[in-house]
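Peer 1: here are the coordinates; sequence isn't available:
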């Protein structure tokens, strides 16, 4: 097949999706708890790669920092602190596996067709492919663009049109590059939605769509939960009578 | 191989989220280790996060008016923070249980059964 016809966004999506799904399933079937934790780390790292591919760079980096760097390290500490003896095995019986596989089959039969039945989700948008080395060679940034209509004929080589203006949206409102999201997210957590400057619905006043209150609630909740966790996990001092 | 030449949409991300969700549900159902059940919860929350990010992405949905915009990314950030808090407190409970019973087998945690 023609190498130029490969959509690299799709290629990296398939790569990360394969890692995420494969290691998630490996997490389920692994019997060893340490191996489960390792599979979970790889699965969640691949998930952060999917977030980057979806254009959510801030959420992807937070996934790497908080989940992979924090929560899973916490889980691995838990694995180490509750180490079982060498001959203690927590195996699952065969009946449980049969019920679980039937349950997962039913859930898959519901969820996966549902993902493809809504036409608004199924229609893939126009793709933008960035040519970085061409930009370095030419000095100006060159964007290769192609539309979904050209992909309808799958035997034809897509007709790539070169545009040199980085800001053009090809007339359909789709940005060439995913927008940088860290500044709007930071401002949105403080209550200012710079991504929704146009007036919203009539019942929603300006400033009511920010996330200042949930942000404060979550921060206080995190503090309370960490204090509670430290209280729960402390070593019990035995009440020993003096003398 | 026309799978590689076509652009991905929201549906593909939803399928990945569904696989992670089902894996997490099965992990919660079959594991007897309490930490394994915690890992199943993490998988379920990540499946939800993938769906939120996919719905929020204008890059994927092609300028559709039904895109969540930046709200989906806010919700997924809150989910990440709440998952961290949940892992901390559930790990504390597990450690407490291990101190009392010298095991993390959830089948042994049946003192409250009727």
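Peer 2: The structure has been received and is ready for your questions. Model, not experiment: these values are computed from the prediction.

Peer 1: going forward, measure contacts between C-alpha atoms and count neighbours the same way
Peer 2: Fine.

Peer 1: ok, the nearest residue to residue A:210 once chain neighbours are set aside - how many residues close by?
Peer 2: Spatially, and ignoring its direct neighbours in sequence, residue A:210 is nearest to residue A:191 (3.9 Å; C-alpha to C-alpha, 6 or more residues apart in numbering or on different chains). Look at residue A:191: counted by other C-alpha atoms under 10 Å in any protein chain shown, it has 19 neighbours.

Peer 1: Can you read off the pLDDT for residue A:191?
Peer 2: We have a pLDDT of 79 for residue A:191.

Peer 1: And residue A:115, by the same measure?
Peer 2: For residue A:115, the predicted pLDDT is 85.

Peer 1: The helix or strand encompassing it packs against which elements?
Peer 2: Using DSSP states H and E, the element containing residue A:115 is helix A:94-117. Judged by 3 or more C-alpha pairs under 8 Å, 6 or more residues apart in numbering or on different chains; DSSP states H and E, helix A:94-117 is in contact with helix A:119-122, helix B:10-30.

Peer 1: Next, format those as CSV and append distance to residue A:107.
Peer 2: Supplementary listing: the helices and strands packed on helix A:94-117 in CSV, determined by distance: least, C-alpha to C-alpha, whole Å:
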stretch, distance to residue A:107
helix A:119-122, 20
helix B:10-30, 7
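
Peer 1: Columns mean neighbour count on top of the ones you listed, output as CSV?
Peer 2: Below are the helices and strands packed on helix A:94-117 laid out as CSV (neighbours: other C-alpha atoms under 10 Å in any protein chain shown):
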stretch, mean neighbour count
helix A:119-122, 17
helix B:10-30, 25
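
Peer 1: Comparing the ones you listed by mean pLDDT, which bottoms out?
Peer 2: Among those, helix A:119-122 scores lowest, with a mean of 70.

Peer 1: what's that helix packed up against?
Peer 2: helix A:94-117, helix B:10-30.

Peer 1: Just name whatever secondary elements the next helix-or-strand element following the last one is in contact with.
Peer 2: Under the assignment DSSP H and E, the closest C-terminal helix or strand after helix B:10-30 is helix B:34-56. On a contact count with 3+ C-alpha pairs under 8 Å, 6+ apart, helix B:34-56 meets helix A:33-53, helix A:72-81, helix B:10-30, helix B:71-101.

Peer 1: now with 6 Å?
Peer 2: If you count contacts as 3 or more C-alpha pairs under 6 Å, 6 or more residues apart in numbering or on different chains; DSSP states H and E, helix B:34-56 packs onto helix B:10-30, helix B:71-101.

Peer 1: Nearest to residue A:187, out of those?
Peer 2: helix B:71-101 (11.2 Å; C-alpha to C-alpha).

Peer 1: for chain A, what are the nearby residues on chain B?
Peer 2: B:4-5, B:7-11, B:14-15, B:22-23, B:26-27, B:32, B:57, B:61-63, B:84-85, B:89, B:92, B:96 (C-alpha under 6 Å from any C-alpha of the partner chain).

Peer 1: What residues does residue B:84 make contact with?
Peer 2: residue A:71 (C-alpha atoms under 6 Å, 6 or more residues apart in numbering or on different chains).

Peer 1: do you know how far it is from residue B:101?
Peer 2: 25 Å (C-alpha to C-alpha, to the nearest Å).

Peer 1: circling back to that earlier point, and residue B:43, which of the helices and strands packed on helix A:94-117 is closest to it?
Peer 2: Here helix B:10-30 is closest among the helices and strands packed on helix A:94-117 (C-alpha to C-alpha), at 4.8 Å.

Peer 1: residues near residue 5, how many?
Peer 2: Using chain A here. That count, for residue A:5 with other C-alpha under 10 Å as the rule, works out to 14.

Peer 1: Oops, wrong one, chain B.
Peer 2: 21.

Peer 1: shaky segments in the chain?
Peer 2: By default, I'm working from chain A. A:1, A:85-89, A:122-178, A:196-209, A:237-243 (pLDDT under 70).

Peer 1: Chain B was what I was after
Peer 2: B:1-2, B:61-66, B:114.
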